[in-house]
Structures are given as structure tokens and as C-alpha cells.
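>>> after the sequence you'll find the predicted model.
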Amino acid sequence: MLDAGERAGQLPEAMRLVLDVREQTTRLRQKLQASFFAPTVYLLTLYAVLLLIGAQIVPQFLDFVPLDQWTDWAYAMYWMGQLAVGWPAPVLFGSLGAYAIWSWWALPRWNGSGRRFLDQHVFPFTVYREINGFTWLRSFVALLRANVPDVVALEGQIQTASPWMASRLKPIRLGLTDGLDLAEAMRQTGYGFPSMDLIDEIGAYAGFDDFTEKITVAVRQNAEVIERQLLAKGMVMSAAFTGLMFLAFVVLQLGSNSLSSILTSSMGKF
């Protein structure tokens with residue numbers, strides 16, 4: 001952006017816009033981290049509760065009551081503990097870890113078959129598309145406001161873009177070179193990048209004298225929508241894990257009561 005601004009004779013304006021874009025992007029990333037911090041803590045807490053049941057509580061009861069006598073809620077408590085101490089936990093957390101590592105590698109690099117579907121439907125690819133789409137469009141509009149031609153601006157961004165970002169920008173540049181307006185060039189890529197809502201906004205404001213100002217406002221509003229969506233997703237995940245922890249404690253209580261009844265019944269036979 002600085003190089004393009006310097007070539008356009010708008011270096012001070014470009015420097016200010018760089019700081020503005022970086023500030024907005026940093027705030028959005030912080031919202032992302034904050035929205036998923038609590039669910040991560042709740043997930044680990046839930047695992048700790050299940051591990052306590054499976055590693056400490058269930059073995060103590062097994063010393064007094066054979067497993068074949070565990071019925072109803074008592075067996076539910078045993079099964080719940082086995083989720084943490086048996087094979088399901090390593091498989092689950094191993095799969096999550098492998099997916100996280102692969103996603104971290106794939107997000108900026110992979111643009112092969114199937115990426116379009118993941119960008120639209122699968123976390124964290126959806127969030128990555130939204131955040132990076134916002135960052136790109138905000139920077140692109142900033143370059144337009146600095147009087148940098150659209151094709152020139154895109155060419156400069158493509159040179160420094162990740163493989164995934166470049167694969168999204170090249171078709172847009174091709175469309176602009178062929179004479180399409182920005183919205184139509186975005187739409188014809190078929191990627192829905194950065195988002196269909198923003199593409200529609202750009203199409204609605206095409207031809208306006210204050211086009212860049214209106215798009216800047218639209219991009220900021222879109223960033224606010226993304227922030228609210230991230231917070232909502234974090235709240236839903238937090239509520240889900242909190243509910244599962246509550247359910248675990250309920251099963252623990254009911255299972256303990258069931259085992260107490262089994263013990264009482266067994267002692268009454270002697």
C-alpha cells in the first residue's frame with residue numbers, strides 16, 4: 001500500500017490508511033481470540049470433570065460393586081468416565097489437534113478442490129475468509145482513495161498476497177481488465193469473496209461520485225457484523241459446554257444415588 005501510495009504521490013495518506021487498516025484488523029483478530037477463549041476453557045474444564053469421574057470416582061465404586069451390576073444412571077456415569085480415560089478422548093483431542101495443525105497450514109496456502117466449499121461452510125475457513133476479505137477490501141478501497149488505479153492496486157496486492165489470497169484476487173483483476181465493474185468482476189469469480197453481501201453493496205454504489213467513501217462505511221459496518229457473529233458463536237459454544245458440564249454433574253449425582261441403592265440392595269441380601 002505504501003509503495004502504491006508513493007507512486008500516486010499520496011504517501012502521507014497511504015501511511016495513515018495503513019495504520020487505520022492495521023488497527024481495524026487487529027481489533028477484529030482480538031475479537032476472534034476473545035470469542036473463542038471462554039469455550040476453550042469450558043471444553044478443558046469439561047474434560048477435567050470427566051477425567052475426575054473416570055480416573056478417581058468410578059474406580060472407587062468398582063472396588064465395591066462389579067461392573068455387571070451397574071445399571072441405569074450408574075452405567076451412564078461409568079460410560080461418561082470412560083470417555084475421558086478410554087480411547088475416545090485421545091481420538092477426539094488427537095483429531096482436533098491434527099485438524100488445527102492442518103488448518104493452520106492450509107488457510108493461507110491451500111486453494112485446491114474443495115476449498116470453495118470450506119470457505120463457505122466450515123470453521124475456521126469461514127472466519128478466515130471473512131477477516132481476510134475485510135482486510136483486503138479495506139486496503140483496496142484505501143488505495144482507490146489514494147488515487148491508485150484499481151488494476152494497479154490489485155497487481156500490487158497480488159504480488160505480496162498468500163497463495164490463497166492471490167487465487168481470489170487474480171480472477172477479479174482479470175475481470176477488471178476485461179472491462180467489468182468491480183462488483184461484477186467479484187461475482188463472476190464464483191468464490192463469493194469477500195462476501196456476497198459486500199459484493200451487493202459494491203454493486204449498489206457503483207457509479208457514485210463518493211463510491212470509495214460509501215464502500216469504506218460498508219466495510220466498517222461489515223466488520224462490526226463479523227465481530228457480533230464471532231461473539232455470538234463464542235457465546236453459543238460456551239453455553240453448550242456449560243450445559244454439558246451441568247449434565248455431567250447431574251449424571252454423577254444420579255449415578256452415585258443408583259450405586260448407593262445397588263450397594264444397599266446387595267448388603268440386604270446378606
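Great, that's in hand.
>>> which element is the closest residue to residue 218 other than its chain neighbours on?
Distance criterion Cβ to Cβ, 6 or more residues apart in numbering; nearest residue to residue 218, sequence neighbours excluded, is residue 201 at 4.3 Å. In this view, the C-beta of every residue, glycine as well, is placed from N, C-alpha and C. Taking DSSP states H and E as the criterion, the element that holds residue 201 is helix 196-205.
>>> packing partners for that helix?
Using 3 or more Cβ pairs under 8 Å, 6 or more residues apart in numbering; DSSP states H and E as the contact definition, the elements that helix 196-205 packs against are helix 182-188, helix 211-268.
>>> buried ones in that helix?
Within helix 196-205, the residues that count as buried by 16 or more other Cβ atoms under 10 Å are 198-199, 201-202, 205.
>>> between the helices and strands packed on helix 196-205, which gets nearest to residue 21?
Distance to residue 21, taken as Cβ to Cβ, is lowest for helix 211-268 among the helices and strands packed on helix 196-205, at 9.8 Å.
>>> which residues touch residue 171?
The contact partners of residue 171, taken as Cβ atoms under 8 Å, 6 or more residues apart in numbering, are 185, 188-189, 191.
>>> in JSON lines, list the buried residues of helix 196-205 along with pLDDT and distance to residue 74.
As requested, the buried residues of helix 196-205 are exported to JSON lines (pLDDT from 0 to 100; distance: Cβ to Cβ, whole Å):
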{"residue": "198", "pLDDT": "88", "distance to residue 74": "55"}
{"residue": "199", "pLDDT": "90", "distance to residue 74": "57"}
{"residue": "201", "pLDDT": "88", "distance to residue 74": "58"}
{"residue": "202", "pLDDT": "88", "distance to residue 74": "61"}
{"residue": "205", "pLDDT": "85", "distance to residue 74": "65"}
